[in-house]
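Enquirer: Quick one, fold the following:
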Amino acid sequence: MEWNTVVLATGLSLKERFVRAITFCLGYEGHGGDLEALATWVLSPGDGTAPGDTTLKIAVVAGGATKIKGYVFESARLPEIRGASGLLDRVNLIDVPSLFGIQHDSEQDDDVKAKAEAVREAFKQRTGTEAPNCPECVLYANGGEVLAFAPVSLAPKLADEIEQIYARETLVAQSVAYWEPFTLKQLQKGLLVDENVDDAAVKALLGYNPADNKTFGSLVASLALGKFRRRDANRDKGRTPELRGIAHFETVPFARRCSSCERRGSVVNSGVADKDLPLCEPCARKRVFGQLAKKKRGVETINWWYDAKFQWRPGPMRSWAQQLMDARPDVGEVQSPDDLDEIGAMSQPQGFIGVVYADGNNMGGLLEKLGTPADYREFAEEVYNTTKNAVFDSLDAKLPFEILSIGGDDLFLIVPAHIALPVACSIANRVEENLKEHPLFKSTESYEWAQVQRCKGDSPNLQSKVSFSTGVVLADAHTPVFYLEELASQLLKTAKHRAKRFKRYGYHGGTVDFLSLKSVTMIGGTVEQFRAAALTRQDKRLQLYARPYTIAEMEAMLESIKLLKRANFPRTQLYRLRESLDTSREQSTVDYLYFLSRDSEVQDQRKNIERLWTPDDGQPLMHPWRKQLEKEKLWETIWYDLVELYDFVPEEEEDHADHHD
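Expert: Residues are numbered from 1 along each chain as shown. Now for the predicted structure:
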């Protein structure tokens, strides 16, 4: 389906939406002529004669929250974490788009309309100017970011107001917004369309010619650079203030510290019954929003907030649990957990949680190549909706879970430990499967299976250009969430590094890295430092792990554990094998064959596992060791990883990932 025929909920196609937006912005500045024809020309790919002045300018505004994780994970308690994430989502999805006249459809329609009117009235009070009323101007508003067209004369005021909204609603969350004017010709043919560039000289210097990028993505890249400059405290002339404001709360020595963040002075006690919970106002806002998000319709006693006489009101919200129930009515009642202990109580073994942090691969490069604003909007909406649906379809409503964030191309979940890796694999597979047929994401590039994969399988005929890399941490439910988030971020980086490395072979799929803190509750330094010191032997030639894995490999790992459990392989011998891996390659190979050949059932499952981990066109392997794919002088083994995960794969695990299918 062509982008200009995609019909949105408003009844307008993408092309019609942006014709209306461009026409509005030009008309607001008082430009005459056939503005609609001129806007249609901007969105046409051809080189036809323009029906008007192509030097007329339209502003593009980009803004959103920064240092999001520092705000969300400032507290270790789940209600505040949930509230912080939900409040940022509300600001991004309702408050900021309302500046441009967005009309929202939801069950809380009256509350949403009231909030939108309040946002627009605040803009008028601060600037003395009516906010624009053209919802079609918004290109994208999700994942903590907004991108929108605007009249040039209004753009600096709108950018200022975006930063003001985040400060007004959260008090401490940082944000940045930047705007830049572009000619109609630049909107059609890229940032450098009117620049005279010596092609040979530029290519000799840079290796490529930026002027060759004749897409809308080149404008977005320029806006991103402008945001970085403003975020780094560079002055932005024409803005009020020229420097970006950063919240500062003075904490005097004799003030009672907030029990949540332990940074600012407390101003209210949110305790109930015999609990004493002194909170600063930013954390109190998080908590009240988190309490409202917990129940089905956001109903929970928050009298402590109203009794404190605060003027700020939480406003409209819809929790992820409520959105899941709305999208999947067959799942029944979904209740957000009270705390992490409630999630850990349903884990196998009990008392453990899994943190799943995923982020999209290849996104930056694809965005830069998008030709038109309509392509950009379609890309963003398709990725977001596909990711959200993949998460909803992969979670089991019978188990407690917490969706903290589903952004434009990332997500953060907390689930019972034993389903964390199956959920991560399910989400990644569903995203790739649902996007690979879409024209914006389809790739017919193939790869040689044995060059990339260490398990058995076949190369796909089609791939999605967008995939997910994931970091997963399995830990005790009492481990601080901010620490788990830091570890998950490090694991995500190593997983993305593997995906990027294999892109040279034509692989566009996802990867996953994990860490279990069952036997070790804390690690010193970074994950890479820990692995280099504790899991590398013999002059760094033996690596006692094979992480990160591709999604196919991770599924093979989970299947390998199930095969061993079906054979009732003794845990004691599995632990002895792990100890043997720490000696030498020769000794551990002998022990491996001895331990896994002592009875016929175990021997059969060992052979099944070996077949599972030997690609059809790969070289014969001397299990349990194998040469690394890209570094043949180094040896690695999957068995240390297998032992680490062994307790987190139930013997009779239900296929939770397909319970909706």
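Enquirer: what ranges of the stretch 301-450 of the chain fall below the confidence cut-off?
Expert: Scanning the stretch 301-450 of the chain for pLDDT under 70 picks out 301.
Enquirer: Going along the chain, name the strands of it.
Expert: Remark: strands assigned in the stretch 301-450 of the chain by DSSP state E, counting those that start in this stretch are 352-361, 402-406, 410-416, 442-443.
Enquirer: Quick check: which of the ones you listed is nearest to Tyr640?
Expert: Closest of the strands of the stretch 301-450 of the chain to Tyr640 is strand 352-361, at 19.3 Å (criterion: Cβ to Cβ). Every residue, glycine included, has its C-beta placed from N, CA and C.
Enquirer: then that closest one to CSV, C-alphas only?
Expert: This file holds the C-alpha atoms of strand 352-361, laid out as CSV (Å, rounded to 0.1, in the frame of the first residue of the first chain):
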residue,chain,number,x,y,z
PHE,A,352,13.6,-13.7,41.4
ILE,A,353,12.7,-11.1,38.7
GLY,A,354,13.8,-10.5,35.2
VAL,A,355,14.5,-7.1,33.8
VAL,A,356,14.1,-6.9,30.0
TYR,A,357,15.6,-3.8,28.3
ALA,A,358,15.3,-3.8,24.5
ASP,A,359,16.2,-1.3,21.8
GLY,A,360,15.8,-1.2,18.0
ASN,A,361,18.7,-1.9,15.7
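Enquirer: Just want the angle from that strand to strand 402-406.
Expert: Interaxial angle of strand 352-361 relative to strand 402-406 (axes from the mean of the first three to the mean of the last three Cα atoms, to 10 degrees): 10 degrees.
Enquirer: Next up, phi/psi of the nearest residue to Met554 once chain neighbours are set aside, please.
Expert: The shortest distance from Met554 to any non-neighbouring residue, by Cβ to Cβ, 6 or more residues apart in numbering, is to Val512 (4.9 Å). Main-chain dihedrals, Val512, degrees, to the nearest 10: phi -150, psi 140.
Enquirer: Please tell me how far Val512 sits from Val472.
Expert: In this view, Val512 and Val472 are 6 Å apart by Cβ to Cβ, to the nearest Å.
Enquirer: anything in contact with each of the two?
Expert: Leu421, Ala424 (Cβ atoms under 8 Å, 6 or more residues apart in numbering).
Enquirer: Return the residues in contact with Asn92.
Expert: So Asn92 contacts Gly64, Ala65, Ala141, Asn142, Gly143, Gly144, Glu145, Val146 (Cβ under 8 Å, 6+ apart).
Enquirer: nope, Arg498 is what I meant
Expert: Contacts of Arg498 (Cβ under 8 Å, 6+ apart): Ser469, Thr511, Asp513, Pro548, Thr550.
Enquirer: quick one: contacts for the fourth one?
Expert: What it means is Pro548. Ser469, Leu491, Thr494, Ala495, His497, Arg498, Thr511, Val512, Asp513.
Enquirer: In strands, which of those fall?
Expert: Here DSSP state E is the test, and the contacts of Pro548 give Ser469, Thr511, Val512, Asp513 as lying in strands.
Enquirer: Phe310: which of the residues you listed is nearest?
Expert: Nearest member of those to Phe310, counting by Cβ to Cβ, is Ser469, at 41.2 Å.
Enquirer: List the contacts of that closest one.
Expert: If you count contacts by Cβ under 8 Å, 6+ apart, Ser469 has them with Ala358, Asp359, Asn361, Leu492, Ala495, Lys496, Arg498, Ala499, Gly510, Thr511, Val512, Pro548.
Enquirer: of those residues, closest to Gly101?
Expert: Nearest to Gly101 among the contacts of Ser469: Asp359, at 31.7 Å, using Cβ to Cβ.
Enquirer: Tell me what the closest one is bridged to.
Expert: Asp410, Ser469 (DSSP bridges).
Enquirer: Quick check: next helix or strand after the helix or strand containing Leu225?
Expert: For Leu225, the element it lies in under DSSP states H and E is helix 216-231. As assigned by DSSP H and E, the chain's next helix or strand after helix 216-231 is strand 268-269.
Enquirer: Toward the C-terminus from that next one, list the very next helix or strand.
Expert: Following strand 268-269 toward the C-terminus (DSSP H and E): strand 278-279.
Enquirer: Let me know how buried Glu130 is, in neighbour terms.
Expert: Other residues within reach of Glu130, judged by other Cβ atoms under 10 Å, total 11.
Enquirer: do the same with Ser13
Expert: Around Ser13 there are 17 residues (other Cβ under 10 Å).
Enquirer: Show me what it is bridged to.
Expert: In this entry, Ser13 is beta-bridged to Val7, by DSSP bridges.
Enquirer: Model confidence for it, exactly?
Expert: Note for Ser13: predicted pLDDT of 77.
Enquirer: so how far is Val267 from the residue nearest to Arg264 when sequence neighbours are not counted?
Expert: If the residues on either side of it in the chain are set aside, Arg264 comes closest to Cys280, at 3.8 Å by Cβ to Cβ, 6+ apart. Going from Cys280 to Val267 by Cβ to Cβ gives 6 Å.
Enquirer: And these two? Which one has more around it.
Expert: Cys280 (26 against 17).
Enquirer: Quick check, the more buried one in contact with Cys261.
Expert: Yes. If you go by Cβ atoms under 8 Å, Cys280 and Cys261 touch, sitting 6.6 Å apart.
Enquirer: CSV for the strands of the stretch 301-450 of the chain, including distance to Leu535?
Expert: Formatted as CSV, the strands of the stretch 301-450 of the chain follow (distance: least, Cβ to Cβ, whole Å):
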stretch, distance to Leu535
strand 352-361, 21
strand 402-406, 30
strand 410-416, 26
strand 442-443, 35
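Enquirer: now those in JSON lines, with distance to Asp338 and mean neighbour count?
Expert: Conversion of those to JSON lines gives the following (distance: least, Cβ to Cβ, whole Å; neighbours: other Cβ atoms under 10 Å):
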{"stretch": "strand 352-361", "distance to Asp338": "14", "mean neighbour count": "26"}
{"stretch": "strand 402-406", "distance to Asp338": "11", "mean neighbour count": "22"}
{"stretch": "strand 410-416", "distance to Asp338": "13", "mean neighbour count": "24"}
{"stretch": "strand 442-443", "distance to Asp338": "44", "mean neighbour count": "14"}
